[in-house]
Each structure stands twice: as C-alpha cells, then as structure tokens.
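In: heads up, no residue letters with this:
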C-alpha cells in the first residue's frame, strides 16, 4: 500500500479509502490510485483485513454432486441468504468421495471461511471438531453429520417415501417395487425405511426381490426396471427413490405394460410428460435457506444446543402414480 | 506445531509427517499426534505450505448462475479435470451481478488459487490484469472476457442458432419468432445474430415484432409466447434461445395451435415429451473440460498467445421442430 501511495502521490489513508470503497475521495484521486494499483499489481491483503475484523465475510458450502439439480437448488438458496448477509459463498463438491469432502472442508477452513455448510459424503466428521471448537460453526445439510454434535437440516425422507408408497397402495397396488440409491447413504436408507413402513402399515408383505438398491447409474437402474417389470411375478408399481433413479427408470419403462410410478424428488419437465410424473417433492430452496439461516444465527451468537431440523415433503399427483394395477 | 509436538511427546518432524500424510510413522505415534492435534485445535497452515511450493493446488470456477443445469454440467467437467490434476476446485456464482463477479474473483485470488476460470457476468475484466500479470492464469468460459487479452472457450452460438432456424425454414416455416435473453449478454446477442443470418440466407424478412429479448423469467416469456402465437399475424414456429426460455415457453404454448419449436440447449427430459423437443445442444462437458485443460496448460508453462476456442453445437431433431406450418 505504501508503494501505491507513493506511485499515486497520495497519502496511505486515501489508498485505503479507495480500496475499501469509502467516500471522501475525489474521482480524480480515485482514478490515480486505481492506475497505481493496476500498475503495481497490488492485491488487497485479505489476511490483514481478517486480523482486524476477525471475520472474512465468506462462508462455504460443500456439495455432494454439483451437477445434481437438487444440489443446484440448494446452492442458489444458500447463496441468496449469504448475499443478503453481505457474505461471499464459496462452494465445492465432494463427488461423493469422503476424502474429497474432508480435504475441501479443511481447505476452506484453512482459508478462513466464517462458517461451513456440509452435505456429507463421508460418515465420520470428527475431523471438523477442531474447526468447530476454534469458532467455525458447521451446519449439515440433506444428511446428518456423524460422530459430531452439530446442526442438521434434513427432509423428512422416511415420511415422504412412506406417503408416496401409501399413495400407490391407495390406488390398488399390492406388488410395489422400490429402486433406490446405495443403502450406505443416509437419505437412501431413510427412504427405504419409509417404503417398508407403508407396506407394513397396509399389512402387505415385501418380497426382497422387489427392493433394488445400488449406484444410480443408468445401466443398473435399467436392469432393475427390466427385472422388476417382467415375468409372472412382475410388480404393478414402482417407487423410484431419487431424481436420478426416476430419470433413468422413465427411459426404460416397458411401453406395453407400464407400471404405475411415483418418484422421490421433482424433475423440471415432470408436469409436461404424458402421463404427468407423480412425485414426492423436497423443497431444496427451503432446505438451503434454513441451513444458511442456522449458520448465520450461529455466527451471531446463537449458542442453543445443536438441533436436527426436518422439513416436510409434498406429494404431487400428476398421473403416473394414479393408474390401477394392470391385470395379467 | 511445536505445541502439538510437545503435547504428543514427539519430535517436530513426526508431527510434520503425520500432518502431510507421509510414511515412517508408527500407527501409535500417528494416533498420539492426531489426538494432540484435536486437543489443541491445530490447523495446517496453508500459507506456510504455499510459501514453500509456490502453488496451492487449487483453482476456482466462477459461474454465472449456479442453479442453471448448464452451469452444473460445466462445473462437473472442470471438477473432473481438476481432480485428475490433484487440484481442489472452488466455485462461486456471480448471479449475473458484475460487482459480485469481481468481488468473488478477487476473493479467490486473495486466497491464492493457482488459476481462475470465469463465466463472465460483467463486461469489463481489466480488474483481472494485475492477477494475470502476477502469474494467475485466467480462462473465460461460455462468454469472452472484455478489455483483456485472455483465453476464451465458447460454443458456436451464432452457428447453432443459424442451424436451428434454418431447420425450421427447411420444414416450410417463413414466419419464425425468436425469444431470447438480454441482448447485453454475449451468448444471447450471438444467437440472435445466428437467427437473423438464417433468415437472411433464405431471403426471408424479419418482422421486428417477432424478436423478443429480455430477462428469462417465466412471466416475460409467457407474455412473449402469447403475443407471438396469437392474432392474424401469429408466427408458425418459435426459436427459443436458451434452456430457461424453452422451459417457460413449453409451459405456455397454445394447445390448439401449437407452433413448431426448436430450443437452444438440451433439457433432461426433452426426449420423453410428446412431441420430443428438438434442440440445438451445446456440449457443456466438453466446454468445461477444454477450459480446464487450457488452464492447466497455462499453469504448466504454455505461453502461446491467448486464443478463442469455439466448440460446435449439435442439432437434435425429436419432433417439435419438424411439424409444418399450421394453415389459418
């Protein structure tokens, strides 16, 4: 800054005012300082600023998969709250790799973000304890953290899957298939639990061959749909337990004997399909906003014990889940 | 680190080995160091590491709108290249606000990322000159930078829009509407140029009332669709110039007199609609990968002059763009 002041022929205070966007500087002087800054390649020293204020006005969001539309909607909601708080939001994606989650989270902390929102990929978050103890609040989103006592903002995954399955049962289905994500993922396990709860509540047995859990790539989902919807033991309805599974399943439903279908998560063109796609919709905007709200509450001194906040889901009937069982 | 060594009763070198994941430490010793680290709330000092290596093994991607599926696909592609290079990727979103773009870009630079990929929101990128001159390469993505000589990776927006419009002309349409984004956005202006070029190439006049550009919110697009598709002067076909416009338009097409439709950008369920949606598809995965590739080339010493790299688009006929004009 001294070099800039010297080059521009102004005082240090003037340089500081220009850099920090404060008033009390004539346009000519500001232009001179700006020119000197550009000539010298000066960068505002964020570390020095941090030492003065103790805060960096930045928070970070760790996503599981940045390319998932659910993640996109979460990000946007968190970003809006952060912007309203005058904070920058940095994001990163673990791509479902626990070591990447840890590496990114610690990289953000080393760069002194004020707080962290984490959509967990791993199942051990004790590595965040030193960060929390040194004053960086952490809020878990979509899935709870493990081995650590921290706020978590979640959807009612079990309740939503139970409502979706009960909807199929109410339309006469007894043989209902469940295609889901890896059971090691919290949300996937909760949705499977909801499906079983609905079947049990209706006194219906679950044939274990109807439950197909695994990675959500198209090949595997296509094989599951084929297996579940063919042969004398075919199911008459499917519950697809997340947006990727639903998308893949829609491309592989048998055209001649189309089962009823309810999907977890809404899709952007779901209402324009024929029939419209019946879904159990989460509210990613509300989830993201609530998690961000919670983080800023923590940053402004809320010291109440960590809580698990669960948001309801919404069943949206559009046609695909209201067809009766096909008879053989 | 001295405190950790003292608390664990080991030497400084052992602490350093555990922190950096190096070999030559017994599991017992590693556990003791880990416990001391957790007890003391020690964080690895990234600044010290940076001083040693000169690199932080992190790059940043600035998006225009994190919630757009196009942005998601770009991010994922950049992330994959970064991961293969052993680099962390930080992302941020300008939400189309030029001051946010600048603030985020400089915040990433102040946190010493090794390089920056920017999807521009603003139209003056001279603020990045000091960063580039001090050795942080910048690659622009989707839209070129302004006032600055830097690499840019773009789609052939004009060519794609021209091909899509020519496709409608080839199916007999003469009165073709164009609904696009704000003309201040580079991609939007390029696509409008492509539409006009196709019309001119076919010797067709463009009635200025057929060209409707503005923000891509649903209300405005719905009004544009209504205006363009009703009355004696209605168009018989529409070219919708990005994914958001197409999505909104699909929800407001007149059911009785549906115009032919070609959209720029593919949508996830486009092939399952009735009729299928004909699109001019960009390849966001290829765009993101190419931009990331370029950035890492710059980081490893490529000093060839900055270039503008343009990727072709692909016309995918699925039904909506192949219907003939409705007669009055």
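Out: All right, it came through fine. Remember, predicted model here, so these are calculated numbers, not experimental data. Numbering: from 1, shown residues only, chains lettered A, B, ... in the order given.

In: how about the nearest residue to residue A:141 once chain neighbours are set aside, secondary structure?
Out: Using CB to CB, 6 or more residues apart in numbering or on different chains and skipping residues adjacent in sequence, the residue nearest residue A:141 is residue A:291, 4.4 Å away. In short, each C-beta sits where N, CA and C put it, glycine included. Following DSSP: H, G, I helix; E, B strand; the rest coil, the label given to residue A:291 is helix.

In: can you check the one 4 residues further on too?
Out: Under three-state DSSP, residue A:295 falls in the helix class.

In: which residues does the residue of the stretch 151-300 of chain A found nearest chain B contact?
Out: Using CB to the nearest CB, residue A:269 is the residue of the stretch 151-300 of chain A that sits closest to chain B, at 4.0 Å. For residue A:269, the contact set (CB atoms under 8 Å, 6 or more residues apart in numbering or on different chains) comprises B:247, B:250, B:267, B:268, B:269, B:270, B:272, B:273.

In: same thing with residue A:37?
Out: A:4, A:18, A:19, B:130.

In: again, but for residue A:142
Out: Residue A:142 neighbours (CB under 8 Å, 6+ apart): A:64, A:70, A:74, A:119, A:120, A:153, A:154, A:155, A:187, A:287.

In: just give the closest residue to the fifth one, not the sequence neighbours.
Out: Looking back up the chat, that one is residue A:120. residue A:143 (4.8 Å).

In: would you say the one you found is within a helix?
Out: No: in this structure, residue A:143 is coil, not part of a helix, as judged by three-state DSSP.

In: the residue nearest to the spatial centre of chain A sits in which helix or strand?
Out: The centroid of chain A falls nearest to residue A:71 when counting by CA atoms, centre = their mean (4.2 Å). If you go by DSSP states H and E, residue A:71 is part of helix A:69-84.

In: that helix packs against which elements?
Out: Identification of packing neighbours for helix A:69-84 by 3 or more CB pairs under 8 Å, 6 or more residues apart in numbering or on different chains; DSSP states H and E yields strand A:58-63, strand A:88-93, helix A:284-299, helix B:69-84, strand B:88-93.

In: residues in contact with the helix or strand that the third one is followed by?
Out: Pointing back at helix A:284-299 there. The C-terminal neighbour of helix A:284-299 among helices and strands, as given by DSSP H and E, is strand A:308-311. The contact list for strand A:308-311 (CB under 8 Å, 6+ apart) reads A:144, A:151-156, A:282-283, A:286-287, A:290, A:294.

In: same question for whatever helix or strand comes next after strand A:308-311: list its buried residues.
Out: Using DSSP H and E, the helix or strand that follows strand A:308-311 in sequence is strand A:314-316. For strand A:314-316, burial by neighbour count (16 or more other CB atoms under 10 Å in any protein chain shown) applies to residue A:316.

In: and strand A:314-316, how far from the chain's centre?
Out: Taking CA atoms, centre = their mean, to the nearest Å, the mean C-alpha location of strand A:314-316 is offset from the chain mean by 19 Å.

In: before we move on, back to that, so which of the helices and strands packed on helix A:69-84 gets nearest residue B:306?
Out: Of all those, helix B:69-84 sits nearest to residue B:306, with 18.6 Å by CB to CB.

In: residue ranges for the helices of the stretch 151-300 of chain A, please.
Out: A:157-170, A:186-201, A:218-229, A:243-250, A:284-299 (DSSP state H, counting those that start in this stretch).

In: look up how far residue A:105 lies from the residue nearest to residue A:147 when sequence neighbours are not counted.
Out: Of all residues not flanking residue A:147 in the chain, residue A:126 sits nearest, at 4.6 Å (CB to CB, 6+ apart). To residue A:105, residue A:126 is 12 Å away according to CB to CB, to the nearest Å.

In: again, but for residue A:186
Out: For residue A:186, the distance to residue A:105 equals 17 Å [CB to CB].

In: those two: which has the busier surroundings?
Out: Per other CB atoms under 10 Å in any protein chain shown, whichever of residue A:186 and residue A:105 has more neighbours is residue A:105, with 25 against 18.

In: does the more buried one count as helix, strand or coil?
Out: At residue A:105 the chain is in helix, as set by three-state DSSP.

In: where does the stretch 151-300 of chain A dip in pLDDT?
Out: The model of the stretch 151-300 of chain A has no residue with pLDDT under 70.

In: please repeat the previous calculation with a cut-off of 90.
Out: Scanning the stretch 151-300 of chain A for pLDDT under 90 picks out the ranges A:184, A:232-233, A:255-257, A:268.

In: what residues does the stretch 51-200 of chain A put near chain B?
Out: Residues of the stretch 51-200 of chain A found near chain B (CB under 8 Å from any CB of the partner chain) are A:58, A:65-69, A:71-73, A:75-76, A:79, A:83, A:88-93, A:95, A:100, A:103-104, A:106-111, A:126, A:129-131, A:133-134.

In: just the buried ones from those?
Out: Taking 16+ other CB under 10 Å as the criterion, what is buried in these is A:58, A:65-69, A:71-73, A:75-76, A:79, A:88-93, A:95, A:100, A:103-104, A:106-111, A:129-131.

In: great, nothing more from me.
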